[in-house]
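A.B. asks: Requesting a structural model of the entry that follows:
(one chain, ligands or ions: 1)
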Amino acid sequence: METRASECVIEFVCAEGARRGWMRRVLTGVAVVALGLCAAGARTLRADNRPAPKGPDEDGTKPALVKIAGEGLMDSHAFQYLTELSDDVGSRVTGTPGEREAEEWGMAKMKAIGLENVHAEKYQIWRGWTRGTAQAELLEPIRRPLHVDAMGWTGSTRTEGAEGEVVTANLFNIDEETKNAPKYSGKIVLVVLQGTPKKNVDSLFARYGDFLKAAGKAGALAVIGGQAGSRASGMNLTHTGILGFDADFAIPVLSMTAEDQGQLERYIESGKKVRVRCNVQNTFTNGPVETANVVGEIRGRENPEQVLVVGAHLDSWDLSEGATDNGTGSASVLGSAEAIVRSGMRPRRTIRFVLFTGEEQGLDGSFAYVKQHRAEMPNHLGNLVLDSGQGAVKEYQLGGRDDLVESFQPFVEALSAIRKISVNDKVDSGTDTLPFSMNGLPGINMDQDSPEYKYTHHSAADALDAVKPEVLAENATLMAMTAFWIADRPERFASPWSAERTAKMLRAQGQYEMLKAFHLWPFGDLGEEKKGKE
Ligand SMILES: [Zn+2]
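C.D. replies: Purely as a prediction, here's the structure:
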């Protein structure tokens, strides 16, 4: 991602839901997140007078890590957990019966593994949603079925369906399209990308939400724009997802396969009239709707009040089993807990395993966690999250904490016989690391090498078949070793930064525009470059 912002946007647009992370996957296409990705370059290590940081060979953690690695690699149940979650529980959209079943399942697994203090931490999301059916048919210029699925938390057509002419709206012109929304009355809107994005692409996605509202209000019948104008990745695949943080839209918004969308675009470009019939039925549940994070611990032996959170999101989308998003993460969390418990080693500080829900709706579970544990946050060391699909872990992203990169280095060197993994201070705003980074803590993302994730992501291909058991076992083992090392090393790994320093870091990492656009920036003017000062 060493491209300049504008290139990155284009790349992003073309790649569609290639990115992990709840938002990236959706907007697929939209620039907000791309900016964050592009801006977050790796930092060089700082040189100062402190003694060289100690790795497992010097800090006394190695014997325990060896035991944990042995348990994790030789006696892993991670793939068995993933199989149960995928095939027995199945899809688990936050607030639905499937998701509640997953909570029960997660608690039962944590208890069986031998975690302490296993419980659910309830919170509420703003409203619930259940997928019904989505059908579409091309009527003119030729007749054939089209392949579509509804985006999450979007609405329905009338029960008898809707029929209309397809007209385009250009995402790169989204402000004008929003202003001129009345022209979409009675039409089906196909979102396209024409020309180049104007400056200030950073908040495109937030403004896309305004467009959807305006189109709905104007009486548009439906929007084909789940990928916000870009093409869906993969052969004949759709990709569902939410269209903002806690955002819902009365108008039906559809993800269409790349092949079908290409055909519609070609017709319209050549001046042919396109008519489509669609019937989309979804159900909103009036909120608030209850859900819960699932929590279990290995209590620390010396400083149990100090906590490292190890997490992944238990909720999923519903076009398949949610095996790669984020069954792999959930199974890694359970597998890592199991490896540590079986090793018989107890870390100095507490490791708290959390299966978050609500991630797909806007990181709701991890935001709820930091809210519910507000008083305890100064005692947190950070969180460690795996949510990038099915591939092998390739990079530790330390969530903005450039001060920790150097001390992490000897640890990854100690892992090099298992796998070469790099370290940097990138912020991942697309998963449950963000609320921790926003609280000045290292929200550590275990980024993965998952070239096929762009296909399985939120699609009908997100199934167990896409996951290799040995890769999962190794990822879970690395998660266990990382968690134990952070929690057990003699020196405390991290304490929260001040709000000022955090705000400055988030701005430097290109997160400000996105957070501001979604009304999630809590820091006011903090961290702003002051004019007139050098
Ligand atoms: Zn995910």
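
A.B. asks: Low-confidence regions, this protein specifically.
C.D. replies: The model of the chain has pLDDT under 70 over residues 1-48, 50, 199-202, 531-534.

A.B. asks: Give the buried residues for the longest strand along the chain.
C.D. replies: Counting by DSSP state E, the longest strand found in the chain is strand 128-140. Buried residues in strand 128-140, counted by 16 or more other C-beta atoms under 10 Å: 128-131, 134, 136-138. Every C-beta, even on glycine, is put in place using the N, C-alpha and C of the backbone.

A.B. asks: C-terminal to that strand, what's the next element?
C.D. replies: Counting by DSSP states H and E, the next helix or strand C-terminal to strand 128-140 is strand 144-146.

A.B. asks: So which elements touch that following strand?
C.D. replies: strand 128-140 (3 or more C-beta pairs under 8 Å, 6 or more residues apart in numbering; DSSP states H and E).

A.B. asks: please redo it, this time with the cut-off set to 10 Å
C.D. replies: With contacts defined as 3 or more C-beta pairs under 10 Å, 6 or more residues apart in numbering; DSSP states H and E, strand 144-146 has these neighbours: strand 128-140, helix 258-269, strand 275-285.

A.B. asks: Of all the ones you listed, which one is nearest the ion?
C.D. replies: strand 128-140 (17.3 Å; C-beta to the ion).

A.B. asks: beta partners of the nearest residue to residue 263 once chain neighbours are set aside?
C.D. replies: Leaving aside its sequence neighbours, residue 263 sits nearest to residue 138 (C-beta to C-beta, 6 or more residues apart in numbering; 7.7 Å). Beta bridges link residue 138 to residue 144, residue 276 when assigned by DSSP bridges.

A.B. asks: If I follow the layout properly, residue 138 ends up in contact with residue 267?
C.D. replies: Yes. Using C-beta atoms under 10 Å, residue 138 is in contact with residue 267, at 8.9 Å.

A.B. asks: Strands of the stretch 201-350 of the chain, residue ranges please.
C.D. replies: 222-224, 253-256, 275-285, 289-298, 303-313, 349-356 (DSSP state E, counting those that start in this stretch).

A.B. asks: Give me every residue in the chain that's in contact range of the ion.
C.D. replies: Within the chain, the positions lying close to the ion (C-beta under 5 Å from the ion) are 325-326, 387.

A.B. asks: one more time with 6 Å, if that's ok
C.D. replies: Contact residues, the chain versus the ion (C-beta under 6 Å from the ion): 22, 313, 325-326, 359, 387, 431.

A.B. asks: From the buried residues of strand 128-140, pick the one nearest residue 209.
C.D. replies: residue 129 (15.7 Å; C-beta to C-beta).

A.B. asks: of the residues of the chain next to the ion, closest to residue 183?
C.D. replies: For those, the nearest to residue 183 is residue 22 (32.0 Å; C-beta to C-beta).

A.B. asks: CA-only coordinates of the helix ranked longest in the chain in PDB, if you can.
C.D. replies: Ranked by number of residues, the top helix in the chain under DSSP state H is helix 469-488. Extracted C-alpha coordinates of helix 469-488, given in PDB (Å, rounded to 0.1, in the frame of the first residue of the first chain):
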ATOM      1  CA  PRO A 469      -6.900 -26.300   9.100                       C
ATOM      2  CA  GLU A 470      -3.100 -26.100   9.400                       C
ATOM      3  CA  VAL A 471      -3.100 -22.400   8.700                       C
ATOM      4  CA  LEU A 472      -5.800 -21.800  11.300                       C
ATOM      5  CA  ALA A 473      -4.000 -23.900  13.900                       C
ATOM      6  CA  GLU A 474      -0.800 -21.900  13.300                       C
ATOM      7  CA  ASN A 475      -2.600 -18.600  13.500                       C
ATOM      8  CA  ALA A 476      -4.300 -19.600  16.800                       C
ATOM      9  CA  THR A 477      -0.900 -20.700  18.200                       C
ATOM     10  CA  LEU A 478       0.700 -17.400  17.200                       C
ATOM     11  CA  MET A 479      -2.200 -15.600  18.800                       C
ATOM     12  CA  ALA A 480      -1.700 -17.600  22.000                       C
ATOM     13  CA  MET A 481       2.100 -16.900  22.100                       C
ATOM     14  CA  THR A 482       1.700 -13.200  21.400                       C
ATOM     15  CA  ALA A 483      -1.000 -12.900  24.100                       C
ATOM     16  CA  PHE A 484       1.000 -14.700  26.600                       C
ATOM     17  CA  TRP A 485       4.200 -12.800  25.900                       C
ATOM     18  CA  ILE A 486       2.500  -9.500  26.200                       C
ATOM     19  CA  ALA A 487       0.700 -10.400  29.400                       C
ATOM     20  CA  ASP A 488       3.700 -12.200  31.000                       C
END
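
A.B. asks: Of all residues in the stretch 351-500 of the chain, which one is closest to the ion?
C.D. replies: residue 387 (4.3 Å).

A.B. asks: got the contact list for residue 51?
C.D. replies: By C-beta atoms under 10 Å, 6 or more residues apart in numbering, residue 51 lies in contact with nothing.

A.B. asks: if I look at residue 462, how far off is residue 128?
C.D. replies: 21 Å (C-beta to C-beta, to the nearest Å).

A.B. asks: returning to that earlier point: I'd like the strands of the stretch 201-350 of the chain laid out as JSON lines, including mean neighbour count and distance to residue 198.
C.D. replies: Output for the strands of the stretch 201-350 of the chain, formatted as JSON lines (neighbours: other C-beta atoms under 10 Å; distance: least, C-beta to C-beta, whole Å):
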{"stretch": "strand 222-224", "mean neighbour count": "28", "distance to residue 198": "21"}
{"stretch": "strand 253-256", "mean neighbour count": "26", "distance to residue 198": "23"}
{"stretch": "strand 275-285", "mean neighbour count": "19", "distance to residue 198": "29"}
{"stretch": "strand 289-298", "mean neighbour count": "23", "distance to residue 198": "38"}
{"stretch": "strand 303-313", "mean neighbour count": "24", "distance to residue 198": "34"}
{"stretch": "strand 349-356", "mean neighbour count": "27", "distance to residue 198": "36"}
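
A.B. asks: just so I know, which of those lies nearest residue 447?
C.D. replies: Using C-beta to C-beta, the nearest of these to residue 447 is strand 303-313, at 13.4 Å.

A.B. asks: for the closest one, the distance to its chain's centre please.
C.D. replies: How far strand 303-313 lies from its chain's middle: 20 Å, per C-alpha atoms, centre = their mean, to the nearest Å.

A.B. asks: Which elements pack onto it?
C.D. replies: Using 3+ C-beta pairs under 10 Å, 6+ apart, the elements in contact with strand 303-313 are strand 289-298, helix 328-343, strand 349-356, helix 364-372, strand 380-385, strand 443-449, helix 469-488.

A.B. asks: For the residue in the stretch 151-300 of the chain that the ion sits nearest to, grab the count of nearby residues.
C.D. replies: Closest contact between the stretch 151-300 of the chain and the ion, by C-beta to the ion, is at residue 241 (10.0 Å). Counted with other C-beta atoms under 10 Å, the neighbours of residue 241 add up to 25.

A.B. asks: Ramachandran coordinates for it?
C.D. replies: Dihedral angles of residue 241 (phi, psi; degrees, to the nearest 10) stand at phi 150, psi 170.

A.B. asks: Hmm, it is touching residue 205, no?
C.D. replies: No. In this structure, residue 241 is not within contact of residue 205 by C-beta under 10 Å, at 11.5 Å.

A.B. asks: export the helices and strands packed on strand 144-146 to a markdown table and tack on distance to residue 116?
C.D. replies: Formatted as a markdown table, these follow (distance: least, C-beta to C-beta, whole Å):
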| stretch | distance to residue 116 |
| --- | --- |
| strand 128-140 | 32 |
| helix 258-269 | 48 |
| strand 275-285 | 34 |
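
A.B. asks: Sounds good, over and out.
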